[in-house]
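In: coordinates for the following, if possible.
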Amino acid sequence: MIALRNWAATACLAVAIACPRATREPEPTSDGTRSYFMGFSVIPPKPDIKVALQSMDIWTKRADAAIMHLDVPWAMLLSGASPEGALRKDGVDLEHYYRSRHLKLIVTIDVTNGLARESEAPALVAVHRSITEPAVQRLYRNYVRVLVETLHPDYLGLAAETNLVRAAASGSVYSAVVRMTNDAAADVRRLRSAAALPLYVSVQVETAWGKLGEQRPYVGIDQDLRDFPFLNLLGLSSYPYLGGFKTPAQIPLDYYARLRGSRALPVMVVEGGWQSESVGGVFKSSREMQADYIARQGQLLEEAKAIGVFQLSFTDLDLRGFPKPVPGILVLFDALGLVDVNLKPKPALNTWDKIFARRLLR
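Out: Just a heads-up that it's a prediction; the model follows:
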């Protein structure tokens, strides 16, 4: 439902490498194992360097991996800037920081509007351009190639929430997503084998289950698998509180596993979560319910034999500190963090830590 851009990355990159590691990390236990690596993204509660660094210092101690959700830098590319220049501004130092913490790096590239899937990226709309144009698609393909050579991701997603894009956007936009990602995948495969760099697109789980908007029967993802045949990994995006589930216990145990079915396709949750606060007229929640969700998600991940999970927002979002105008939809996602805007732990962080302390089966 949402793919927040690493809008804070540029602010913290230059000093991130020197960020101290003073907070004690969770102690490993022998209480079980897990099949999936765990991680977060750089998004802090507000665009403040000090807070961003404090947040990263906390969450990198309780993660095996980090994820970058990157919008294509359309404005820079259309102005003639090189992909190399765009990535130096918004990625290289952060990649170095994550590697210094011995974290796997996963990158999802978002080619449409992560806050409004019926629309194209705001930077394209602003200049009356579109991904339906072959020239714009070439910019994306060049960006992908340079990203692979520059950031060296361990896993790469070429588009986000494709089934929701198909449901919400025009047919021409969805067709463009299919074309440009398949072309980019062919480019990547000339650089890296499937074993060296698994490729994915993400699908929106609630959409696949017919749970978003008007309730429908289970839809599945067969068309996504046909349209994106390069997949050797399935990315999942899931916000079940927006899909009508009143409590985490209501989420079916096969919520992730059913999407994959009998296919030999690894599964990774690349974004998602459960709000810790209610939003009037939309859903009810609490901090305790959020902690229950983290525990329930662990069961869903094991059932699907998932290889990874990302809680995209480690902190809550302080919308008062966001650049104006603030998109109204963000109120549905501002309390996803496992800590609050002051980096104070919520009960869900303790649940996460207990799962993270299990031995990772590599």
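
In: could you check how far stretch 134-141 is from the centre of its chain?
Out: Distance, stretch centre to chain centre, for stretch 134-141: 23 Å (Cα atoms, centre = their mean, to the nearest Å).

In: what residues sit buried inside that stretch?
Out: V136, Q137, L139, Y140, R141 (16 or more other Cβ atoms under 10 Å). The C-beta positions use only the backbone N, C-alpha and C, and glycine is treated the same way.

In: likewise stretch 257-266?
Out: Buried-residue list, stretch 257-266, by 16+ other Cβ under 10 Å: A257, R258, L259, R260, P266.

In: cool, and stretch 287-300?
Out: Neighbour-count burial for stretch 287-300, counted by 16+ other Cβ under 10 Å, picks out M289, Q290, A291, D292, Y293, I294, R296, Q297, G298, L300.

In: just name the closest of the buried residues of stretch 134-141 to P122, please.
Out: Checking the buried residues of stretch 134-141 against P122 with Cβ to Cβ, the nearest one is V136 at 14.2 Å.

In: packing partners for the helix or strand where the closest one lies?
Out: Using DSSP states H and E, V136 falls within helix 134-151. Packing partners of helix 134-151 (3 or more Cβ pairs under 8 Å, 6 or more residues apart in numbering; DSSP states H and E): helix 74-78, helix 83-89, helix 92-100, strand 104-110, strand 155-157, helix 171-191.

In: if we go to 10 Å?
Out: In terms of contacts (3 or more Cβ pairs under 10 Å, 6 or more residues apart in numbering; DSSP states H and E), helix 134-151 is packed against strand 65-71, helix 74-78, helix 83-89, helix 92-100, strand 104-110, strand 155-157, helix 171-191.

In: quick one: distance of it to the chain centre.
Out: Remark: helix 134-151 is offset 19 Å from the chain centroid, using Cα atoms, centre = their mean.

In: try stretch 122-135
Out: Offset of stretch 122-135 from its chain centre (Cα atoms, centre = their mean): 23 Å.

In: buried residues, that stretch. List them.
Out: Going by neighbour count (16+ other Cβ under 10 Å), the buried part of stretch 122-135 is A123, L124, R129, S130, I131, T132.

In: ok, back up a step: would JSON lines of the buried residues of stretch 134-141 with pLDDT and distance to V92 be doable?
Out: Converted to JSON lines, the buried residues of stretch 134-141 look like this (pLDDT from 0 to 100; distance: Cβ to Cβ, whole Å):
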{"residue": "V136", "pLDDT": "98", "distance to V92": "24"}
{"residue": "Q137", "pLDDT": "98", "distance to V92": "24"}
{"residue": "L139", "pLDDT": "98", "distance to V92": "19"}
{"residue": "Y140", "pLDDT": "98", "distance to V92": "19"}
{"residue": "R141", "pLDDT": "98", "distance to V92": "20"}
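
In: distance to R320, pLDDT and secondary structure for the buried residues of stretch 122-135 - can I get that in CSV?
Out: Formatted as CSV, those follow (distance: Cβ to Cβ, whole Å; pLDDT from 0 to 100; DSSP: H, G, I helix; E, B strand; the rest coil):
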residue, distance to R320, pLDDT, secondary structure
A123, 25, 96, helix
L124, 29, 97, helix
R129, 33, 97, coil
S130, 34, 98, coil
I131, 33, 98, coil
T132, 37, 98, coil
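
In: same list (those) but as TSV, adding distance to A335.
Out: Below are these laid out as TSV (distance: Cβ to Cβ, whole Å):
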residue	distance to A335
A123	28
L124	30
R129	35
S130	34
I131	32
T132	36
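
In: which one of those sits closest to V326?
Out: Nearest to V326, judged by Cβ to Cβ, of the buried residues of stretch 122-135 is A123 at 17.8 Å.

In: contacts only, for the spatially closest residue to that closest one that is not a sequence neighbour.
Out: Among residues not flanking A123 along the chain, W74 sits closest, at 4.0 Å (Cβ to Cβ, 6 or more residues apart in numbering). W74 makes contact with 86, 111, 120-127, 129, 131, 136, 139-140, 143 under the criterion Cβ atoms under 10 Å, 6 or more residues apart in numbering.

In: can you tell me how far W74 is from S237?
Out: 22 Å (Cβ to Cβ, to the nearest Å).

In: go on, E302?
Out: The spacing between E302 and S237, counted by Cβ to Cβ, is 19 Å.

In: the two: which has the busier surroundings?
Out: S237 (27 against 18; other Cβ atoms under 10 Å).
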